[in-house]
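Asker: Here is my input, please return the structure:
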Amino acid sequence: MIVVDDGSSDATRGWQARQGAVVVRHSRNRGKAAAMATGASAVAGLDLCEPSLSGRARGLLFVDADLAQSAASLAR
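Answerer: Model (predicted):
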């Protein structure tokens, strides 16, 4: 899992990192589109580091944690 911390001031990034997520942080809030682009770039970078995944289709699921109700329903 990759978490993009878009300049938040809460403890989310620390909690996510402790759960094993790769956390990428923006030093200031850059907006949802920038956070999504950063997340997609991070996934692309992981693909370059893991040749076994290169060339295989990958689905991306973007979840906005600020939309708590929809994020909470993710498991379903």
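
Asker: Identify the residues contacting stretch 3-19?
Answerer: 1, 21-32, 34-36, 38-39, 42, 65 (Cβ atoms under 8 Å, 6 or more residues apart in numbering). The C-beta positions use only the backbone N, C-alpha and C, and glycine is treated the same way.

Asker: tell me the mean pLDDT for that stretch?
Answerer: For stretch 3-19, the mean pLDDT works out to 86.

Asker: Would you map the helices across the protein?
Answerer: Ranges of helices in the chain, per DSSP state H, are 12-18, 32-49, 68-72.

Asker: mind saving the C-alpha coords of the longest one as CSV?
Answerer: Just to be clear, that refers to helix 32-49. Only the C-alpha atoms of helix 32-49 are listed here, as CSV (Å, rounded to 0.1, in the frame of the first residue of the first chain):
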residue,chain,number,x,y,z
LYS,A,32,-6.1,15.7,-4.6
ALA,A,33,-4.9,15.6,-8.2
ALA,A,34,-1.3,16.1,-7.2
ALA,A,35,-1.6,13.5,-4.5
MET,A,36,-3.0,11.0,-7.0
ALA,A,37,-0.2,11.8,-9.5
THR,A,38,2.4,11.3,-6.7
GLY,A,39,0.8,8.0,-5.8
ALA,A,40,0.8,6.8,-9.4
SER,A,41,4.4,7.8,-9.8
ALA,A,42,5.3,5.9,-6.6
VAL,A,43,3.7,2.7,-8.0
ALA,A,44,5.5,3.1,-11.3
GLY,A,45,8.8,3.5,-9.3
LEU,A,46,8.1,0.2,-7.5
ASP,A,47,7.4,-1.5,-10.8
LEU,A,48,10.9,-0.5,-12.0
CYS,A,49,12.4,-1.9,-8.8
